[in-house]
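Visitor: I'd like to go over a predicted model; first the sequence, then the structure.
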Amino acid sequence: MQHARRLDRRAHLRRHPADEKPERRRERRQIQLPTSLQFVRRLSATNRRSGQGREAVKTSTIAILAIYLAFGLIELWRSDLFRKKEQTSADWVVELVSTVVLLFVTQPIVLLSSMGLASLLIPQYAGALAGLNVFAAILLFLVFDDMMQYWWHRAAHTFPLLYKLHRPHHNGRYMSVRLVYRNNIFYYLTMPGIWFSGVLIYLGLGWVYAGYIVVKLAVIIGAHSDVAWDKPLYRVKWLSPVMWVVERTISTPATHHAHHGRHAEDGVTNYKGNFGNLLFFWDVLFGTAKITRRYPPSFGVENLPETSLGEQLLWPLITTGGSTVPETAEPASA
């Protein structure tokens, strides 16, 4: 009798999974769910819940393209957008590939991935900052995106491995809107500011990001264009005090062109400084600003061997040994 009871108990323990209640089976599947799939599920749930992250990415991408088009048309009208002095056959390829990859692959992946990670680590804070004062929200982006990009950019001109990712940006021997996102495809993938932006969007600030990125890109693209919008303003004497403030607040063609100068001895070039993207204020604050209200006579890198098209885009997957950090002038004070 006891033997029969033991057999019955064992049979009960070996009950087929199909005999379990549906709720129990779902619970077991959820417990056994791999972390990678859990990440995807939570990211999808986050997007379905608000749609804010996806809309922010979509809006910012459209805005970036519109700004590019506007400045590109100005450059086409005032200078030769498609045939720059000293450009090579590889320049267009590097610029086109790096820009398309950033806008349609890297930026969306990084923003959505950082939102997904936030949903795993701090799910209780989804949308927690949605009601934050707009000026406080902008300040958060200025610190966690723009200032972080300043330090990332500065690090790229300090550490040889990071310079490998950034050198393509300086390989062009001209200034143009074409250079704005000309970098190794891994440069932006590892940029802390974009990851922080995704977290801020997850916290409910996507609506601020959509406007912030429009302003930031307008400043950055304008600073790279060879149609220097600040040059005629410097000639207006009564605007001099205003421009004194402007050139210490945001990046201008004069200050950013100096960062792209080829020869440190020309008195204008400052490729060991003038790292600011939206705000030039970070250079003023951290002692890397050089303001001359003049423009370098030539652009590019000096004292470095040539690097291949493949290395520019895909280092460290493709290497030719051409990129190192050049000797640079000491930063000058503002």
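Guide: Cool, the structure landed.

Visitor: Show me where the stretch 51-200 of the chain dips below the pLDDT cut-off.
Guide: For the stretch 51-200 of the chain, the stretches flagged by pLDDT under 70 are 51-57, 60.

Visitor: Mind doing that once more with 80?
Guide: For the stretch 51-200 of the chain, the stretches with pLDDT under 80 are 51-61, 63-64.

Visitor: Could you measure from residue 320 over to residue 92?
Guide: 20 Å (C-beta to C-beta, to the nearest Å). Bear in mind the C-beta positions are built from the backbone N, C-alpha and C, glycine included.

Visitor: for residue 290, same thing?
Guide: Relative to residue 92, and taking C-beta to C-beta, residue 290 is found at 31 Å.

Visitor: Compare the two (neighbour count), which wins?
Guide: residue 290 (23 against 13; other C-beta atoms under 10 Å).

Visitor: What pLDDT does the model give that one?
Guide: Note for residue 290: predicted pLDDT of 98.

Visitor: Residue 35 now?
Guide: For residue 35, the predicted pLDDT is 44.

Visitor: same check, this time on residue 20
Guide: Here, the pLDDT recorded for residue 20 equals 51.

Visitor: what does residue 44 give?
Guide: pLDDT at residue 44 comes out at 48.

Visitor: Ignoring the adjacent residues along the chain, who's closest to residue 299?
Guide: Of all residues not flanking residue 299 in the chain, residue 260 sits nearest, at 4.7 Å (C-beta to C-beta, 6 or more residues apart in numbering).

Visitor: Put the alpha carbons of stretch 218-234 into PDB.
Guide: The C-alpha trace of stretch 218-234 is given here as PDB (Å, rounded to 0.1, in the frame of the first residue of the first chain):
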ATOM      1  CA  ALA A 218      22.200  74.500 -36.500                       C
ATOM      2  CA  VAL A 219      25.200  75.800 -34.600                       C
ATOM      3  CA  ILE A 220      27.500  72.900 -35.400                       C
ATOM      4  CA  ILE A 221      26.600  72.900 -39.200                       C
ATOM      5  CA  GLY A 222      27.000  76.600 -39.300                       C
ATOM      6  CA  ALA A 223      30.400  76.400 -37.600                       C
ATOM      7  CA  HIS A 224      31.700  73.900 -40.200                       C
ATOM      8  CA  SER A 225      30.400  75.700 -43.300                       C
ATOM      9  CA  ASP A 226      33.000  77.500 -45.400                       C
ATOM     10  CA  VAL A 227      30.400  80.300 -45.800                       C
ATOM     11  CA  ALA A 228      31.400  82.000 -42.500                       C
ATOM     12  CA  TRP A 229      28.200  83.800 -41.200                       C
ATOM     13  CA  ASP A 230      30.200  85.600 -38.500                       C
ATOM     14  CA  LYS A 231      32.700  87.300 -40.800                       C
ATOM     15  CA  PRO A 232      30.400  90.100 -41.900                       C
ATOM     16  CA  LEU A 233      29.200  90.700 -38.300                       C
ATOM     17  CA  TYR A 234      32.800  91.200 -37.200                       C
END
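
Visitor: how close does the residue nearest to residue 299 get to residue 253?
Guide: Residue 260 sits 10 Å away from residue 253, going by C-beta to C-beta.

Visitor: Name the residues contacting each of these two.
Guide: residue 175 (C-beta atoms under 8 Å, 6 or more residues apart in numbering).

Visitor: Between these two, point out the one with more neighbours.
Guide: residue 260 (25 against 20).

Visitor: List the contacts of the more buried one.
Guide: So, once contact is read as C-beta under 8 Å, 6+ apart, residue 260 ends up touching 170, 175, 179, 271, 296, 299-300.

Visitor: cutoff 7 Å now
Guide: For residue 260, the contact set (C-beta atoms under 7 Å, 6 or more residues apart in numbering) comprises 170, 175, 299.

Visitor: Quick one: neighbours of the first one, just the number.
Guide: Which is residue 170. Using other C-beta under 10 Å, residue 170 has 24 other residues around it.

Visitor: what's the nearest residue to it if we skip its chain neighbours?
Guide: In space, and not counting its chain neighbours, residue 170 is closest to residue 301: 5.0 Å by C-beta to C-beta, 6+ apart.

Visitor: and the one you found, helix, strand or coil?
Guide: coil (DSSP: H, G, I helix; E, B strand; the rest coil).

Visitor: And the one 3 residues further on, by the same measure?
Guide: Three states are possible here, and by three-state DSSP the one that applies to residue 304 is coil.

Visitor: neighbours of it, just the number please.
Guide: 16.

Visitor: got a pLDDT number for it?
Guide: Residue 304 is assigned 85 on the pLDDT scale.

Visitor: what separates it from residue 187, distance-wise?
Guide: 17 Å.

Visitor: okay but residue 257 is in contact with residue 179, surely?
Guide: No - the pair residue 257 / residue 179 is not scored as a contact, 10.8 Å apart, by C-beta atoms under 7 Å.
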